[in-house]
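Turn this into a model:
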Amino acid sequence: MELSRKQLDALHSDMTELLNNAEHQAGLTSRNIRGTNRVILIFTVLGAVLAISIFVMFFGLTKAINHSVKSMSSIQSQVVVLSETMDSITGSVESMGQDVESLWDMNESVGHMVLKTGIINTYIAKLNDQTGWLSTDVSHVRYHVDNVNVRFSSINRSIGGVSHSLHETAKPIRQFMPMP
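Residues are numbered from 1 along each chain as shown. Modelled structure (predicted):
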């Protein structure tokens, strides 16, 4: 097959145009591939940054949760100590109730002593009045009990003095009548 010069020129120009179009398309394709590669690279970097951020946040959250767990454990141990303290306080209050009951029993016994001993009657009355206030002011009771002790000591000394006086008084009689 033989082609004329005109046909060859047309074929050459068509082939040149085809080559130019192919080069142009190759350039466009290359630019599209580079753009796509850039987009992939950008999204890969963003994904890596996002993954690292999530990883850092995860460790921060883990640390915060561990701190919260330790705080809760500390709070729990403090609640246990508080519960034990409250149990101890409850026991002490119950014991104080029993002690107060014992004091009421003592108050009755002291009332009998008041009837028998006129000298300490006023002090026992004060002690009796103060017993009602025992739950609010124990120091008042202690003060009056101390006063009663002083009076008892005074009575004991007086009785010792009376006993000595009786002994001295009985000496002349013993000379005449010996006693066993």
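
so what does the longest helix belonging to the chain touch, helix or strand wise?
Ranked by residue count, the top helix of the chain under DSSP state H comes out as helix 5-116. Contacts defined by 3 or more C-beta pairs under 8 Å, 6 or more residues apart in numbering; DSSP states H and E place helix 5-116 against helix 121-131. The way it works is simple: take the backbone N, C-alpha and C, and place the C-beta from them, glycine included.

What is the subsequent helix or strand relative to the helix it packs on?
Downstream of helix 121-131, the next assigned helix or strand under DSSP states H and E is helix 138-176.

Distance from the chain centre to that next one, please.
Distance, stretch centre to chain centre, for helix 138-176: 56 Å (C-alpha atoms, centre = their mean, to the nearest Å).

quick one: average pLDDT of that helix?
Taken as a whole, helix 138-176 has an average pLDDT of 76.

Remind me what that helix packs against, helices and strands.
Helix 138-176 packs on helix 121-131, going by 3+ C-beta pairs under 8 Å, 6+ apart.

any low-confidence regions in this structure?
1, 100, 103-105, 107, 110-125, 127-142, 145, 174, 177-180 (pLDDT under 70).

Alright, that wraps it up for me.
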